[in-house]
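In: From the sequence below, what's the structure:
(one chain, ligands or ions: 1)
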Amino acid sequence: MDTKTQSAYQEELQRLEQTNTEIDKQLARLRSTPVYYGPDLTEQALEVARENGRHNLTKAIDEPYFGRLDFQENGMAEANPLYIGKSGVEDERNGQLLVIDWRAPVASLFYSFTGGLDAASYDSPDGLIEGLVYLKRNLVVRKQILQRVVDTYDRTEDSLSVGDEFLLYRLGENKDNKLRDIVSTIQAEQDRIIRAAKNTALIIQGVAGSGKTTVALHRLAFLLYQYREQVRAERMIIFAPNSMFLDYISGVLPELGVGNIQQSTFTDWALDVLDHEVTMADQALTLQTWFSLGSKRPPVDDHAPGRFKGSMAFKIYLDDCLTKFEASYVPTADFSPWDGAKLPIASIREWFFVENKHYPLVKRRERVVARIKRWMDMQLDKIWEQSKKKELKKKSSQKLRTYLTSWPEHSAFTFYKVLFSDKGRPDSLPADLLAQIPASIITASLKNFKKKEVQLEDLAPLLYIHTRLYGIPSDRLFDHVVIDEAQDFSPFQVAVLDSYTRNSSFTILGDLSQGIHAYQGISDWKEFASLFSEDATAYFELERSYRSTMEIIQFANTVLQRGVENPLLAVPVFRSGNKVHVLQTDLKGRLPLLQRAIATLKQGSSSTIAVVARTEKHALELHEALTEAGIETNLITSKQRVYRGGISVLPIYLTKGLEFDAVLLMDVTAGHYETTLMDAKLLYVGCTRALHELWLMAPGELSPLVSIEDQEIVTTQAPA
Ligand SMILES: Nc1ncnc2c1ncn2[C@@H]1O[C@H](COP(=O)(O)OP(=O)(O)OP(=O)(O)O)[C@@H](O)[C@H]1O
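Out: Take a look at the predicted model:
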């Protein structure tokens with residue numbers, strides 16, 4: 001250690017000791033204060049503050065901070081060291097901040113400052129604050145012990161840009177089975193997204209490994225801090241593609257000290273809103289169909305069920321149906337409960353179309369029926385003779401029941417179902433509307449509906465009808481919605497979610513290059529942008545990829561270039577690792593080579609390894625073969641809810657969103673991965689899951705998507 005580093009280390013040791021002592025002291029005092037359970041409101045408020053204090057200090061006690069920025073605000077005599085941590089800590093004696101919460105406005109300097117001698121600035125509640133940065137320092141503290149001090153910027157030194165060494169140190173670490181927070185190394189381009197204003201529909205195109213998921217979770221923590229008077233955690237939601245992915249990301253929010261944010265798949269949430277009136281058709285079968293090999297796959301065009309039912313054109317179609325239906329959704333005849341009493345249809349229409357027009361359809365019907373009943377009661381009140389009254393009351397109830405048969409109640413599903421069939425259609429829905437739906441979609445839909453089953457693409461239409469019939473209760477509204485892997489969402493899904501979201505406050509993120517569910521997703525972000533007003537939409541791009549080594553990213557980029565026109569290519573951070581391995585063998589050599597590869601990777605430093613098959617069937621076979629060979633692995637299928645880490649065996653389409661120290665892509669042959677858009681995207685997704693090691697195996701002719709001329713590739717011939 002040179003003298004300068006040594007003195008920096010000593011200075012930080014001293015500072016840490018002071019901070020630790022102060023935190024210990026405050027926490028000990030708060031813990032020894034008895035919890036107040038009484039009725040006094042002032043005491044209750046004080047108890048809430050004490051509980052917050054206990055929570056924050058407990059969070060801060062092991063690692064009070066991770067960064068320091070020396071900032072001299074304009075007009076101040078000297079630079080002030082600001083220590084940034086996961087939660088703020090105040091010095092009780094003088095009220096000064098010992099540690100600043102990473103979400104506080106001034107902390108943004110720590111992330112946005114990228115070097116140079118010019119003034120730096122940040123937005124504070126009092127306006128723009130300007131000044132000079134003298135030092136940016138990363139600190140690693142574990143269990144109150146200082147482990148590392150890395151200066152990434154020093155105004156007095158030659159190199160005036162912020163260095164990447166701390167980031168590289170972090171990226172070089174191995175991963176376990178959970179995604180982690182990145183508060184200490186958030187990059188400037190990520191920070192801009194995290195701190196973007198709340199009432200915006202943010203759309204983020206980010207390459208594989210650019211930190212989209214991580215950034216979205218940090219953004220939620222930021223919104224909860226910055227807008228604490230306006231948003232509540234339980235009114236925020238993150239939609240992720242499947243339950244296993246939710247499990248994988250579930251650690252980040254608690255690490256950031258925010259809990260209670262809803263995490264769900266679109267399917268689970270939708271079924272809940274629909275009160276489980278329908279169930280899902282077997283999604284594993286649907287995936288098997290769309291991810292079967294080459295020629296067996298159905299064509300992906302605008303008549304693919306997901307694209308058709310997910311389109312805004314289909315929403316317009318439903319609108320048309322609902323409007324026509326609504327216009328005639330009242331009986332046509334007067335209501336006569338007994339001879340001599342008559343409620344003219346004109347009154348019923350007036351109640352329905354004028355007086356209650358602001359209510360959703362089902363509510364309107366309910367209110368009008370209640371009004372008819374009140375009218376009947378008033379008529380009965382005019383009758384004095386008790387026995388006659390009793391008789392008429394009974395008769396009128398029966399009459400009303402009969403009358404209402406011409407005014408049937410509908411649920412979202414009963415209404416939706418009849419749109420696909422000639423049978424049971426309300427007269428108001430002309431049959432020519434049906435001609436707008438492709439025949440193949442009608443047949444497949446009716447087959448499902450018979451079993452009260454639906455596909456993912458039916459959920460948005462059902463929700464839309466549901467909201468038109470029942471409205472949206474205020475406790476169902478979200479303060480903010482995050483949609484991860486949004487390229488797989490349809491415009492209709494997002495439009496429906498918008499009606500459930502206050503102020504269109506969205507973080508929508510994804511990567512078009514990873515759009516492997518093209519049969520239901522979008523091909524251009526404009527499809528979502530057009531759903532929101534222009535001034536309430538913001539678009540960001542993340543190009544740098546943090547997950548994989550340079551070698552892996554460059555390799556993955558070539559795969560993409562071979563199958564996709566004008567692809568969005570990732571720019572790697574300068575983290576070099578081992579070359580990509582291409583293992584060439586024959587079918588007989590496939591398993592022994594796989595076992596050897598796993599053993600080698602395990603001997604190295606890989607703690608999470610993925611053995612990636614092309615289809616779910618292949619994954620199952622590989623899992624069985626490895627188990628027989630005594631190698632313990634976790635099979636991941638589309639029904640999986642928990643990600644366990646270790647060695648996973650899974651089909652390539654389920655690797656999406658996950659990451660592993662090492663990835664072993666099986667069967668990368670011409671038969672399994674053709675030069676098609678879909679296969680290139682699939683292989684790209686598989687390659688970009690690897691952090692440190694990417695190995696491909698080809699038992700047969702290598703896929704044309706892979707180039708072994710590339711000098712970064714090692715080829716291994718089949719063992720003799
Ligand atoms: N600023 C950062 N500092 C340290 N690590 C980072 C940073 N940004 C991203 N990472 C790491 O990069 C990896 C990829 O992040 P994440 O999964 O959020 O990316 P993504 O864009 O959602 O990826 P994909 O679309 O490929 O699934 C994670 O291990 C994450 O911790």
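
In: what distance separates stretch 598-614 from the middle of the whole chain?
Out: Its chain's C-alpha centre and that of stretch 598-614 lie 28 Å apart, by CA atoms, centre = their mean, to the nearest Å.

In: Next one, pLDDT for the one residue sitting closest to the centre of the chain please.
Out: By CA atoms, centre = their mean, the chain has its centre lying nearest to D484, at 2.9 Å. pLDDT recorded at D484 is 95.

In: Could you pull up the contacting residues of it?
Out: Applying CB atoms under 8 Å, 6 or more residues apart in numbering to D484 gives the contacts 212-213, 216, 238-241, 245, 509-510, 657. Quick note: C-beta positions are derived from backbone N, CA and C, even for glycine.

In: longest helix in this protein, by residue count?
Out: Identified as the longest helix of the chain according to DSSP state H is helix 3-32.

In: other SSEs contacting the helix or strand where L682 lies?
Out: Applying DSSP states H and E as the criterion places L682 in helix 677-687. Under the contact definition 3 or more CB pairs under 8 Å, 6 or more residues apart in numbering; DSSP states H and E, helix 677-687 sits against helix 550-563, strand 660-665.

In: same question for that helix, mean pLDDT?
Out: Mean pLDDT, helix 677-687: 92.

In: so how far is F660 from the residue of the chain found nearest the ligand?
Out: At 3.0 Å from the ligand, G211 is the closest residue in the chain, using CB to the nearest ligand atom. Going from G211 to F660 by CB to CB, to the nearest Å gives 17 Å.

In: So between the two, which is more surrounded?
Out: Set side by side, G211 and F660 show more neighbours around F660, with 30 against 24, by other CB atoms under 10 Å.

In: What residues are recorded as beta-bridge partners of that one?
Out: With DSSP bridges as the criterion, F660 is bridged to A690.

In: Pull the contacting residues for it.
Out: Going by CB under 8 Å, 6+ apart, F660 touches 175, 606, 608-610, 648, 689-691.

In: Kindly indicate the member of these with the most neighbours.
Out: Result: A690 is most packed of the contacts of F660 (other CB under 10 Å), 32 neighbours.

In: how much space is there between L456 and P305?
Out: Taking CB to CB, one finds L456 at 9 Å from P305.

In: So for those two, which sits in the more crowded spot?
Out: Ranked by neighbour count (other CB under 10 Å), L456 and P305 place L456 first, with 24 against 20.

In: The biggest strand by length in the chain vs the ligand: in contact?
Out: If you go by DSSP state E, the chain has its longest strand at strand 127-142. No - legend: contact between strand 127-142 and the ligand by CB under 6 Å from any ligand atom is lacking; minimum distance shown is 11.1 Å.

In: Equivalent analysis for stretch 635-649, please.
Out: No - in terms of CB under 6 Å from any ligand atom, no part of stretch 635-649 sits within range of the ligand; the closest distance is 12.8 Å.

In: That stretch: end-to-end distance?
Out: End-to-end span of stretch 635-649 (CA to CA, to the nearest Å): 5 Å.

In: I'd like the average pLDDT over that stretch.
Out: 87.

In: same deal with stretch 562-580?
Out: Stretch 562-580 comes out at a mean pLDDT of 87.

In: Show me the strands in the stretch 51-200 of the chain, by range?
Out: Secondary structure of the stretch 51-200 of the chain, counting by DSSP state E, counting those that start in this stretch: strands at 67-73, 80-85, 89-90, 97-101, 120-124, 127-142, 145-154.

In: so what strands line up beside the last one?
Out: It stands for strand 145-154. If you go by DSSP bridges, strand 145-154 pairs up with strand 127-142 (antiparallel).

In: The closest residue to K389 other than its chain neighbours - how many residues pack around it?
Out: The shortest distance from K389 to any non-neighbouring residue, by CB to CB, 6 or more residues apart in numbering, is to I383 (4.6 Å). For I383, the neighbour count with other CB under 10 Å is 15.

In: Residue numbers of the chain in contact with the ligand?
Out: The chain comes close to the ligand at residues 167, 170-171, 180, 182, 185-187, 190, 206, 208-214, 511, 514, 546-547, 657, 659, 688, as judged by CB under 6 Å from any ligand atom.

In: Just the buried ones from those residues?
Out: For those, a burial check counting by 16 or more other CB atoms under 10 Å picks out 167, 171, 182, 185-187, 190, 206, 208-214, 511, 514, 546-547, 657, 659, 688.

In: measure the residue in the chain sticking out farthest from the centre to L392 for me?
Out: The outermost residue of the chain relative to its centre, with distances by CA atoms, centre = their mean, is E385 at 66.9 Å. Distance from E385 to L392, counting by CB to CB: 10 Å.

In: Likewise for L682?
Out: Distance, L682 to L392, by CB to CB: 72 Å.

In: These two - which one has more neighbours?
Out: A side-by-side neighbour count of L682 and L392, using other CB under 10 Å, places L682 first with 26 against 21.

In: contacting residues around the more buried one?
Out: Going by CB under 8 Å, 6+ apart, L682 touches 291, 516, 652-653, 673.

In: Dump the residues you listed to CSV, plus pLDDT.
Out: Putting these into CSV (pLDDT from 0 to 100) gives the following:
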residue, pLDDT
F291, 71
I516, 76
I652, 93
Y653, 90
Y673, 92
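
In: got the residues you listed as TSV, with secondary structure, neighbour count and distance to K451 columns?
Out: Converted to TSV, those look like this (DSSP: H, G, I helix; E, B strand; the rest coil; neighbours: other CB atoms under 10 Å; distance: CB to CB, whole Å):
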residue	secondary structure	neighbour count	distance to K451
F291	coil	20	24
I516	coil	25	28
I652	helix	30	30
Y653	helix	21	25
Y673	coil	29	35
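
In: got TSV for these, with distance to L202 too?
Out: Shown next, in TSV, are those (distance: CB to CB, whole Å):
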residue	distance to L202
F291	30
I516	23
I652	29
Y653	27
Y673	34
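
In: quick one: which of the residues you listed is nearest L109?
Out: Distance to L109, by CB to CB, is smallest for I516 among the contacts of L682, at 39.3 Å.

In: Skipping its backbone neighbours, what lies nearest that closest one in space?
Out: Nearest residue to I516, sequence neighbours excluded (CB to CB, 6+ apart): K681, at 5.1 Å.

In: if I read this right, that neighbour contacts S513, doesn't it?
Out: Yes - contact status for K681 versus S513: in contact at 6.5 Å, counting by CB atoms under 8 Å.

In: Between those two, which contacts overlap?
Out: Common neighbours of K681 and S513 (CB under 8 Å, 6+ apart) are 560, 564.

In: give me the beta-bridge partners of the nearest residue to V278 once chain neighbours are set aside?
Out: Distances taken as CB to CB, 6+ apart place V454 nearest to V278, at 4.8 Å, with adjacent residues excluded. Beta bridges link V454 to M280, judged by DSSP bridges.

In: Measure how buried V454 is and give me the count.
Out: By the criterion of other CB under 10 Å, V454 has 26 neighbours.

In: same thing with I84?
Out: Number of residues near I84 (other CB under 10 Å) recorded here: 26.

In: For the residue nearest to it when sequence neighbours are not counted, list each beta-bridge partner.
Out: For I84, ignoring the flanking residues on the chain, the nearest one in space by CB to CB, 6+ apart is G67 at 4.3 Å. Beta bridges link G67 to I84, N138 when assigned by DSSP bridges.

In: Done for today, thanks.
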